[in-house]
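Visitor: From the sequence below, what's the structure:
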Amino acid sequence: MSEKACCGGNCVSKSSTSLLTWSDPAKSAKVFGGIVLTLLTLKYINILNIVFRLGFFVLITSALAEYAGKLALGEGLVTRFKPQYTAYASKYGDKIAEHTVSFLKSFEQSAQETVYSKDIEATLKTAGGLYILYLLTSWFSLWTLLFTSVVLAFSVPGVYLKYQTEIDAKVAELSKTAKSKAVELQKTASEKSGPLLKKAEAKLGPVGAFIKSKVPVRTASSTVGSEPVVGAEKVKLPTVPSSTPVSVPEDVTTPLAAKIDETVKSADAQFAKETEPLL
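Guide: Modelled structure (predicted):
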């Protein structure tokens, strides 16, 4: 396949856009009417049954005519009067195949980037979209969703282009309001949780300081790190009983949790007993 032969789907995209925006009303009406008629036919007529029945009669008639012709005339009637074979696959197949391969490559790459969270925001948006589709498919049938999607696809773009300025202004206003509300909620939650955290830290004493130092805190410069504990005293940590030697510093100054080995978290009752006077 030639790379230059495929436009990357631009021709299909441009054609679809012109159809959905009714740039050519006659052409859009034909396509829209054809799709709606097809969906209605699939809903109310057992089209597969008709296709299978028609195929059966065509093939039986062809075989009987060919056999009867060979018996009576020495040459099959179908062979004698058949039209020339068509070659639509070779005429359009290469172009369709190149577009299909180009689309599949793009879809495969996008799907993997979404699954592996290359862009977290895009992954969350996709997850939200899938959840909405899950709800819709649990409430409505597939045919209803297809029919509604077709009607919306041929109506929404035209309405948007007609009232684009007003719609964009309204969307920008709603987006600004939503962001403002989100900031207010975050600020309120932070104000209400702050005193509770400080109270818990005061009750826990050195243990609270140790936990706080292990929790990353985002500063004003958008960095993540541990805040120093003011007024923390030097505390001698007990030895952690274990069958395997554990490297734990004997004295830890402020902050208490400066790179303490993760195994300290598994300290047993001896740790609680020895730190009880500090509490």
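Visitor: what about the longest helix in the chain?
Guide: Of all the segments of type helix in the chain, defined by DSSP state H, the longest one is helix 164-204.
Visitor: That one - contacts with which helices or strands?
Guide: Counting contacts by 3 or more C-beta pairs under 8 Å, 6 or more residues apart in numbering; DSSP states H and E, helix 164-204 packs against helix 206-214. Bear in mind the C-beta positions are built from the backbone N, C-alpha and C, glycine included.
Visitor: Could you rerun that using 10 Å?
Guide: Judged by 3 or more C-beta pairs under 10 Å, 6 or more residues apart in numbering; DSSP states H and E, helix 164-204 is in contact with helix 156-162, helix 206-214.
Visitor: and those helices, which one's lowest on average pLDDT?
Guide: Looking at these, the lowest mean pLDDT belongs to helix 206-214 (a mean of 64).
Visitor: quick one: low-confidence ranges for this structure?
Guide: Across the chain, the ranges flagged by pLDDT under 70 are 1-16, 201, 203-279.
Visitor: Now with 50, please.
Guide: 1-5, 220-237, 240, 242-246, 248-256, 258-259 (pLDDT under 50).
Visitor: Which residue ranges of it form helices?
Guide: Secondary structure of the chain (DSSP H): helices located at 10-20, 25-44, 47-73, 77-81, 88-115, 120-139, 142-153, 156-162, 164-204, 206-214, 269-275.
Visitor: what's the most buried one of those?
Guide: Sort the helices of the chain by mean neighbour count, taking mean count of other C-beta atoms under 10 Å, and helix 206-214 sits at the top with a mean of 19.
Visitor: who's in contact with Leu20?
Guide: 28, 31-32, 152-158, 161 (C-beta atoms under 10 Å, 6 or more residues apart in numbering).
Visitor: what's the most distant pair in those?
Guide: The most widely separated members of the contacts of Leu20, counting by C-beta to C-beta, are Val31 and Leu161 (17.9 Å).
Visitor: which residues make contact with stretch 47-66 from outside it?
Guide: Contacts of stretch 47-66 (C-beta under 10 Å, 6+ apart): 38, 41-42, 46, 75-82.
Visitor: swap that for stretch 26-34, please
Guide: Stretch 26-34 has contacts (C-beta under 10 Å, 6+ apart) with 15-16, 18-22, 24, 150-151, 153-155, 158.
Visitor: from these, which is closest to Gly129?
Guide: Ala153 (16.3 Å).
Visitor: hang on, isn't that closest one packed against Leu19?
Guide: Yes: at 9.1 Å, Ala153 counts as touching Leu19 under the criterion of C-beta atoms under 10 Å.
Visitor: Which of the contacts of stretch 47-66 lies at the shortest distance from Thr100?
Guide: Thr38 (21.7 Å).
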